[in-house]
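Participant: Predicted coordinates and the sequence they were generated for:
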Amino acid sequence: MAKEFSRSQRVSQEMQKEIALILQREIKDPRVGMATVSGIELSRDLAYAKVFVTFLNVLTDNASPDTVKNGIKALQDASGYIRTLLGKAMRLRIVPELTFAYDNSLIEGMRMSNLVTNVIKSDVERQVNSGNDEEK
């Protein structure tokens, strides 16, 4: 019987949980803010991991454009410490080298949802207006 998930997929899921806990509990850098781990791409040999993060403080209107750059830089600076904590939390022969990347899918999804909502609202208004014109 074939395995449902490969070892790298199982390790990346567990690693995502552990890194999320580390960011929540251990990293006190104010530049990171409220970071969420949205996914991890793990190499086949488990030596390299690309960690995709989103910052919830970017969703506010008063966030500056440099917030994401500063947050990613802070995570890159702390990647050695995060890797050490990850090695203690997970029993792996090789703890992957971590690189952090910003995942803008959440913001893009919100933008698309707003566009769809606006189109639906304008369609309803157009139908109401055309209905009023026909009655006259």
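Facilitator: Perfect, I can see it now. Residues are numbered from 1 along each chain as shown.
Participant: which helix of this protein spans the most residues?
Facilitator: Counting by DSSP state H, the longest helix found in the chain is helix 105-135.
Participant: List the contacts of Asp29.
Facilitator: By CB atoms under 8 Å, 6 or more residues apart in numbering, the contact set of Asp29 is 74, 78. For every residue, glycine as well, the C-beta is placed using N, CA and C.
Participant: would you say it is within a helix?
Facilitator: No: counting by DSSP: H, G, I helix; E, B strand; the rest coil, one finds Asp29 to be coil, located in no helix.
Participant: Buried residues, the strand or helix carrying Arg10. List them.
Facilitator: Following DSSP states H and E, one finds Arg10 within helix 7-25. Of all the residues in helix 7-25, those buried under the rule 16 or more other CB atoms under 10 Å are 8, 11-12, 15-16, 18-20, 22-23.
Participant: do stretch 58-78 as well
Facilitator: Buried-residue list, stretch 58-78, by 16+ other CB under 10 Å: 58, 67-68, 70-72, 74-75, 78.
Participant: Could you do stretch 94-111 as well?
Facilitator: Within stretch 94-111, the residues that count as buried by 16+ other CB under 10 Å are 95-96, 98, 100, 102-103.
Participant: What lies in contact with it?
Facilitator: Stretch 94-111 has contacts (CB under 8 Å, 6+ apart) with 15, 19, 38-39, 42-43, 45-55, 58-59, 68, 71-72, 75-76, 79, 82-83, 86-87.
Participant: Tell me which entries of those lie within helices.
Facilitator: Using DSSP H, the contacts of stretch 94-111 in helices are 15, 19, 68, 71-72, 75-76, 79, 82-83, 86-87.
Participant: For the closest residue to Thr67 other than its chain neighbours, list the residues it contacts.
Facilitator: Spatially, and ignoring its direct neighbours in sequence, Thr67 is nearest to Val58 (5.5 Å; CB to CB, 6 or more residues apart in numbering). Val58 makes contact with 67-68, 107 under the criterion CB under 8 Å, 6+ apart.
Participant: Could you do Val51 as well?
Facilitator: 16, 19, 37, 39-40, 75, 98-101.
Participant: Could you dump the residues you listed into CSV with pLDDT added?
Facilitator: As requested, the contacts of Val51 are exported to CSV (pLDDT from 0 to 100):
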residue, pLDDT
Gln16, 95
Ile19, 95
Val37, 94
Gly39, 93
Ile40, 95
Leu75, 94
Leu98, 96
Thr99, 96
Phe100, 96
Ala101, 94
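Participant: That's all I had, so thanks and see you.
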